[in-house]
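Enquirer: Let's see this in three dimensions:
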Amino acid sequence: MKTSEPFPGILRSGNRLFTRNLVPGNKAFAKSLVRLRGLEYREWDPYRSKAAAAILRGIGNFPINQGSRILYLGISSGSTASFLSDIIGPDGVIYGVEISERSMRDLAPLAEKRKNIVPVLADSRRPETYSWIEPVDVVYQDVATNDQSEIIIRNSQRFLKKRGHALLAIKARSIDVTRPPREIFRQEKTKLKKHFKILDMAELEPYERDHAFLVMKKR
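Expert: Model (predicted):
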């Protein structure tokens, strides 16, 4: 299989993405397990992960590396986070904030195997309730709500290091179902530009309808 490395820790072969498995033998949310160069890799499904979709849609920046410290807002059961866990390795950490107790129960077994994921049962609108979290290199948000931009701004002001990065999956239909998605994307970018330099943006069709993925840097 011929592969390239679009970003550190990620291999690409055609429209397939792979990350080296931090927990060999454990498939978790992967489409498949494959052996490449004598090592085990997990296939990352872009239909289940906005980050994977953004990479395949040609995003030019993906600032997550080995050892990164991430605040993940809306981690849910940990599908995308499991692949970020592969990328950051044992020296990194993901603080996964989730308001749903059911999702947190699903996340717990994953975090038991992947020691670099720390589940946090909390409301991402109230970062003061998890103020113990250390400063992070990346704030990643995937929360379906009409105040998505305000949430990532508030959390980045509190936790994101100077010149740190913020990654946001904008869900247009969660903000306003009556307006065209691209109009919503422009509106949210205007809000975000006051706090971040927007480095890149990709619309996620055909993997996700009415979604855009933004890569930003703290001002």
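Enquirer: C-alpha only now, for contacts and for neighbours.
Expert: OK.
Enquirer: packing partners for the worst-scoring helix or strand of the chain on mean pLDDT?
Expert: Least confident element among the helices and strands of the chain, by mean pLDDT, DSSP states H and E: helix 172-175 (a mean of 90). If contacts are counted by 3 or more CA pairs under 8 Å, 6 or more residues apart in numbering; DSSP states H and E, helix 172-175 sits against helix 181-192.
Enquirer: so for the helix it packs on, what's the average pLDDT?
Expert: Averaging pLDDT along helix 181-192 gives 93.
Enquirer: now stretch 62-70
Expert: Rounded mean pLDDT across stretch 62-70 is 97.
Enquirer: Would you mind measuring the gap between the ends of it?
Expert: From its first residue to its last, stretch 62-70 covers 13 Å (CA to CA, to the nearest Å).
Enquirer: Residues in contact with it: which ones?
Expert: 7-9, 55, 84, 87-95, 136-140, 165, 215 (CA atoms under 8 Å, 6 or more residues apart in numbering).
Enquirer: now the strands for the protein?
Expert: Ranges of strands within the chain are 4-7, 10-13, 16-20, 33-36, 39-44, 69-73, 93-98, 117-121, 136-141, 160-171, 196-203, 211-218, based on DSSP state E.
Enquirer: Parallel or antiparallel, list what pairs with the last one.
Expert: Spelled out, it's strand 211-218. strand 160-171 (antiparallel), strand 196-203 (antiparallel) (DSSP bridges).
Enquirer: What are the contacting residues of it?
Expert: 50-51, 54, 61-62, 156, 160, 162-172, 181, 185, 195-205.
Enquirer: can you rerun that using 6 Å?
Expert: Identification of contacts with strand 211-218 by CA atoms under 6 Å, 6 or more residues apart in numbering yields 163-171, 196-204.
Enquirer: Repeat that for the first one.
Expert: Contact with strand 4-7 is made by 11, 12, as judged by CA under 6 Å, 6+ apart.
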